[in-house]
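Chemist: Generate coordinates for the sequence data below:
(chains A and B)
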Amino acid sequence: MSKKRAFQTIRGMRDVLPQDMPLWKFVIDTCENAACAYGYSRIETPLLEESGLFVRSVGEDTDIVKKEMFTFQDHGGDSVTMRPEFTASIMRAYIEHGMMNQPKPVKLFETGACFRYERPQSGRFRQFHQFTAEIIGSQEAAADAESIGLSYAVLKELGLEVVIQVNSIGTFESRRAYVKQLKSFYQPKMRYLCKDCLARIKSNPLRMLDCKKKKCVEMMLEAPQIIDHLDEESKNHFVKVLEYLDAFDLPYALNPQIVRGLDYYSKTVFEIWAKDDEGAARTGALGGGGRYDGLADILGGCETPACGFALGLERVIAKLKEKNVQTQEEQKFDIFLAHLGEEACKRAFLIVEGLRAKKYRITYNLCKASLKHQLELANKFGVRITLILGEKEVSDHSILIKEMDIGAQESVPLPKLERELEKRLRA
RNA sequence: GUGGUAGUAGCUCAAUUGGCAGAGCAUCGGGUUGUGGUCCCGACGGUUGUGGGUUCAAGUCCCAUCUACCACCCCA
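Modeler: Numbering: from 1, shown residues only, chains lettered A, B, ... in the order given. As a prediction, the model looks like this:
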């Protein structure tokens, strides 16, 4: 008989183990508490959506749609996709459930897993987790600024120093005009472009702006800048956003290379970089977002201005680990009950239940074990008190109370157990 | 999708030129029939990621493959 093959997680997927949970809980709680304090409501959308939702919103020419989606046919023959991000789903829910009839703006947050079929790397997995927060129904620059402010507040609360990289890509109209100019700037220089940029000039010219190839960077410096080609409306909006950021005293940097790959963005776009990350090169941006006034219309709703952002939880957690941020493992129990013999085991169950009902944090062991072993366990749990219930105690209806720090122990009649525990633990 | 580095016990890692697969931690047992933290002794644990090849002999060399990590690409 050959040993069966052991299974392992498939590529790009990983387990979050109990020892990492305190850190995860810390991060998620911080995000969600901040969102609640800022007036956001929790929403939960499905992991699986109709494929068209993402194709239309994220954009057919984006890498996400072209090669990164987990898409398959369900048994009814429909094409469905594991969500690669939240924004499209949340906007779909907003439209589907008539949330436009709620007082505006509607502020929603969600935490959960997203899926992209990419080559795994540091800070990049095929299943990853995001915290996302969206403001739907406000066109005001104040909404953009508050969105940025929330992302900053969360990361600051977590103890990370970050700088917001901000840019504006304008309305669709002004962007289209700019892209035209950009193309005509690059057209005569085509033969100097790198392979990737040659592809990008057709599919997604904006992305040429953050090519890292030396020649392309040199050309980019002379290329028309989107900031200079914004229409009046976009320009005013952007100026106002920056005024708010100044007023909120948020550390930001204007970065004309932030263009965002997703089709639905318009006007304000931003990324959040850790302060000590040179160009966010190592783990990528901790988060990103912007305004997406056109999305509702794309998804068949009324035109609805909206903006929001998402944080990559794995990246935030990696950063916290890099900074050696300590979250202490919570002390789980105050009392351990050691039992010896079958009869004691049966009675132990009831005693433990009784104490749990009184809100004592108590545990005992389910393996056959010596008293020595059980005391070792008690010690590892770090409990203050170990109760010992052996055959002798069972027969005379008593129990031993052992105080772990000084090692002293005392036999007390069972009916007096609670009073004695209260004296020692709740005095 | 492209290029590079790596994979040995649950974890961290040894193994000389190709020559008997090892240690610490953890787990379990004993020293102590019912007493923890320190200590001592012992046991368990491996098809060296997987599959082929070269060789008298492969953890070590070659090929393929999987996975992780790094750099592109892209993004949170």
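
Chemist: Point out where chain A drops to low pLDDT.
Modeler: Within chain A, the ranges that satisfy pLDDT under 70 run A:1-5, A:277-283.

Chemist: domain parsing for it?
Modeler: As given by automatic domain parsing, the domain ranges for chain A are A:18-171+A:231-322, A:335-419.

Chemist: closest to A:Ala223 out of these?
Modeler: Of all the domains of chain A, domain A:18-171+A:231-322 sits nearest to A:Ala223, with 9.7 Å by C-beta to C-beta. The way it works is simple: take the backbone N, C-alpha and C, and place the C-beta from them, glycine included.

Chemist: In space, what's closest to the closest residue to RNA strand B within the stretch 251-400 of chain A - neighbours in sequence excluded?
Modeler: Among all residues of the stretch 251-400 of chain A, A:Gly261 sits closest to RNA strand B, at 1.3 Å; criterion: C-beta to the nearest atom of the strand. Closest residue to A:Gly261 apart from its sequence neighbours, by C-beta to C-beta, 6 or more residues apart in numbering: A:Thr62 at 5.3 Å.

Chemist: Quick check: residues of the stretch 301-427 of chain A near RNA strand B?
Modeler: Contact residues (C-beta under 7 Å from any atom of the strand) of the stretch 301-427 of chain A with RNA strand B: A:310-312, A:314-315, A:340, A:369-373, A:375-376, A:378-380, A:388, A:390-393, A:400, A:402, A:404-407, A:409.

Chemist: These, buried ones only, as a PyMOL selection?
Modeler: A single PyMOL command selects the buried members of these (16 or more other C-beta atoms under 10 Å):
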select buried, chain A and resi 310+311+312+314+315+340+375+378+388+390+393+400+402+404
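
Chemist: Strands - which of the residues of the stretch 301-427 of chain A next to RNA strand B land there?
Modeler: Among those, the residues falling in strands (DSSP state E) are A:310-312, A:388, A:400, A:402, A:409.

Chemist: which of those residues lies closest to A:Gln326?
Modeler: For those, the nearest to A:Gln326 is A:Leu311 (20.8 Å; C-beta to C-beta).

Chemist: Tell me which of the residues of the stretch 301-427 of chain A next to RNA strand B fall in helices.
Modeler: A:314-315, A:371-373, A:375-376, A:378-380, A:391-393 (DSSP state H).

Chemist: what about the residue nearest to A:Gly261, how many neighbours?
Modeler: 21 (other C-beta atoms under 10 Å).

Chemist: what's the spacing between it and A:Pro224?
Modeler: 23 Å (C-beta to C-beta, to the nearest Å).

Chemist: Quick one: neighbours of A:Pro251, just the number.
Modeler: Neighbours around A:Pro251, by other C-beta under 10 Å: 12.

Chemist: which residues does it contact?
Modeler: Contact partners of A:Pro251, counting by C-beta atoms under 8 Å, 6 or more residues apart in numbering, are A:152, A:162-164.

Chemist: Top of those by number of neighbours, please.
Modeler: Of those, with other C-beta under 10 Å as the count, A:Val162 tops at 27 neighbours.

Chemist: now that residue: how far from RNA strand B?
Modeler: Here the criterion is C-beta to the nearest atom of the strand, to the nearest Å. By it, A:Val162 lies 11 Å from RNA strand B.

Chemist: what residues are up against that residue?
Modeler: Residues near A:Val162 by C-beta under 8 Å, 6+ apart: A:152, A:155-156, A:251, A:272-275, A:286.

Chemist: ok so, going back, what's the most buried one of the domains of chain A?
Modeler: Comparing the domains of chain A by mean neighbour count (mean count of other C-beta atoms under 10 Å), domain A:18-171+A:231-322 comes out on top with a mean of 19.

Chemist: Give me the distance from stretch A:238-251 to the chain's centre.
Modeler: The chain centroid and the centroid of stretch A:238-251 are separated by 25 Å, computed with C-alpha atoms, centre = their mean, to the nearest Å.

Chemist: scratch that, stretch A:284-304 is what I was asking about
Modeler: Here stretch A:284-304 is found 19 Å from its chain centre; the criterion is C-alpha atoms, centre = their mean.

Chemist: and if you look at stretch A:299-310?
Modeler: Worked out by C-alpha atoms, centre = their mean, stretch A:299-310 lies 21 Å from the chain centre.

Chemist: returning to that earlier point: could you identify the most distant pair in the contacts of A:Pro251?
Modeler: Spatial extent of the contacts of A:Pro251 (C-beta to C-beta) is set by the pair A:Tyr152 and A:Val163 at 9.4 Å.

Chemist: Name the residues contacting each of those two.
Modeler: Going by C-beta under 8 Å, 6+ apart, residues that sit against A:Tyr152 and also against A:Val163 are A:251, A:272.

Chemist: who are the neighbours in contact with A:Lys156?
Modeler: Contacts of A:Lys156 (C-beta under 8 Å, 6+ apart): A:Val162.

Chemist: Export the particular helix or strand that has it in it to PDB, keeping only CA atoms.
Modeler: Assessed by DSSP states H and E, A:Lys156 sits inside helix A:141-157. This file holds the C-alpha atoms of helix A:141-157, laid out as PDB (Å, rounded to 0.1, in the frame of the first residue of the first chain):
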ATOM      1  CA  ALA A 141     -14.600  67.200  -4.000                       C
ATOM      2  CA  ALA A 142     -15.200  66.800  -0.300                       C
ATOM      3  CA  ALA A 143     -16.300  63.200  -0.900                       C
ATOM      4  CA  ASP A 144     -13.000  62.500  -2.700                       C
ATOM      5  CA  ALA A 145     -11.100  64.100   0.100                       C
ATOM      6  CA  GLU A 146     -13.000  62.200   2.800                       C
ATOM      7  CA  SER A 147     -12.400  59.000   1.000                       C
ATOM      8  CA  ILE A 148      -8.700  59.700   1.000                       C
ATOM      9  CA  GLY A 149      -8.900  60.800   4.600                       C
ATOM     10  CA  LEU A 150     -10.500  57.500   5.700                       C
ATOM     11  CA  SER A 151      -7.800  55.500   4.000                       C
ATOM     12  CA  TYR A 152      -5.200  57.600   5.700                       C
ATOM     13  CA  ALA A 153      -6.900  57.400   9.100                       C
ATOM     14  CA  VAL A 154      -7.000  53.600   9.000                       C
ATOM     15  CA  LEU A 155      -3.400  53.200   8.100                       C
ATOM     16  CA  LYS A 156      -2.300  55.800  10.700                       C
ATOM     17  CA  GLU A 157      -4.400  54.000  13.300                       C
END
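
Chemist: hmm, who's touching stretch A:28-37?
Modeler: Residues outside stretch A:28-37 that contact it (C-beta under 8 Å, 6+ apart): A:42, A:107, A:109, A:111, A:131, A:133, A:150, A:153-154, A:157-158, A:311, A:313.

Chemist: wait, A:Val58 sits on A:Tyr264?
Modeler: Yes: counting by C-beta atoms under 8 Å, A:Val58 does reach A:Tyr264; the two are 7.0 Å apart.
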